[in-house]
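**Q** next input, structure requested:
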Amino acid sequence: MVCIRMATVNDLPAMQNTNLWCLPENYQMKYYFYHQLTWPQLLWVAEDHDGTIVGYVLAKMEEDESQPKHGHITSLAVLRTHRKRGIATMLMRRSQREMADVFDAEYVSLHVRKGNRAAFHLYNETLKYEIHDVEKGYYADGEDAYDMRCTFRKNGKPVGEYARLCGEVEATEEGAPGADDKASAAKEMDEVSQKVQSVEIAG
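**A** The predicted model follows:
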């Protein structure tokens with residue numbers, strides 16, 4: 001049984017260790033501390049039954065005031081032994097929910113390697129991210145990255161994945177959705193969570 005919970009400062013060494021095992025993009029401990037001290041609500045971990053940290057999401061709010069308020073996924077990783085259980089999806093959804101609810105973010109962004117098809121599928125198909133741009137040579141080895149975004153709100157109203165997390169469904173041209181529509185959306189969320197592959201990404 002894996003528990004998804006908000007990270008504490010004591011989890012940071014285990015998060016760094018998971019990152020080192022899973023990803024080529026690594027960070028010094030002070031970078032984890034910076035995230036923890038500034039945006040503690042956005043750091044989440046997956047803890048196994050024996051207390052082992054088997055996955056994490058490291059996220060932040062961007063501070064560029066010239067852009068709409070938005071979050072960014074810095075790094076996401078799940079140990080190979082615990083993949084294909086929907087852990088990455090649950091971690092992402094918890095962090096994204098806090099971005100929108102606590103920090104009033106309009107959207108969240110991330111970077112993913114163009115060659116990482118599994119990660120792209122998770123973000124595009126499951127979490128409904130869309131490609132915003134392609135950044136040439138973004139990674140240290142020269143590989144290009146997709147700059148992807150997931151919108152939380154339009155005109156102040158929840159949309160897309162965030163609307164589903166809030167238990168809401170976007171209104172159609174015919175009018176507001178009924179109970180059947182909401183039940184269908186909830187069922188879809190449950191099915192996606194069961195089927196999605198857990199993968200890792202750094203951005």
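
**Q** wait, G71 sits on A105?
**A** Yes - using C-beta atoms under 8 Å, G71 makes contact with A105 at a distance of 4.7 Å. (C-beta placed from N, C-alpha, C; glycine too.)

**Q** which neighbours do these two have in common?
**A** Counting by C-beta atoms under 8 Å, 6 or more residues apart in numbering, the shared contacts of G71 and A105 are M61, M99.

**Q** just give me how far whichever strand or helix holds K60 sits from the chain centre.
**A** Using DSSP states H and E, K60 maps to strand 53-61. In terms of C-alpha atoms, centre = their mean, to the nearest Å, the centre of strand 53-61 is found 8 Å from the chain centre.

**Q** which secondary structure elements does it sit against?
**A** helix 12-22, helix 29-38, strand 44-47, strand 70-78, helix 87-102 (3 or more C-beta pairs under 8 Å, 6 or more residues apart in numbering; DSSP states H and E).

**Q** got TSV for the ones you listed, with distance to S109 too?
**A** Shown next, in TSV, are the helices and strands packed on strand 53-61 (distance: least, C-beta to C-beta, whole Å):
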stretch	distance to S109
helix 12-22	20
helix 29-38	16
strand 44-47	18
strand 70-78	5
helix 87-102	11
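
**Q** D133: which of the ones you listed is closest?
**A** Relative to D133, the nearest member of those by C-beta to C-beta is strand 70-78, separated by 13.8 Å.

**Q** CA atoms only: put that closest one into PDB for me.
**A** What follows is strand 70-78 as a C-alpha-only set of coordinates in PDB (Å, rounded to 0.1, in the frame of the first residue of the first chain):
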ATOM      1  CA  HIS A  70       1.300  29.700 -13.100                       C
ATOM      2  CA  GLY A  71       3.200  26.700 -11.700                       C
ATOM      3  CA  HIS A  72       5.900  24.500 -13.000                       C
ATOM      4  CA  ILE A  73       6.800  20.900 -12.500                       C
ATOM      5  CA  THR A  74      10.500  20.800 -11.800                       C
ATOM      6  CA  SER A  75      10.900  17.000 -11.400                       C
ATOM      7  CA  LEU A  76       8.800  13.900 -11.100                       C
ATOM      8  CA  ALA A  77      10.100  10.400 -10.500                       C
ATOM      9  CA  VAL A  78       8.900   7.000  -9.400                       C
END
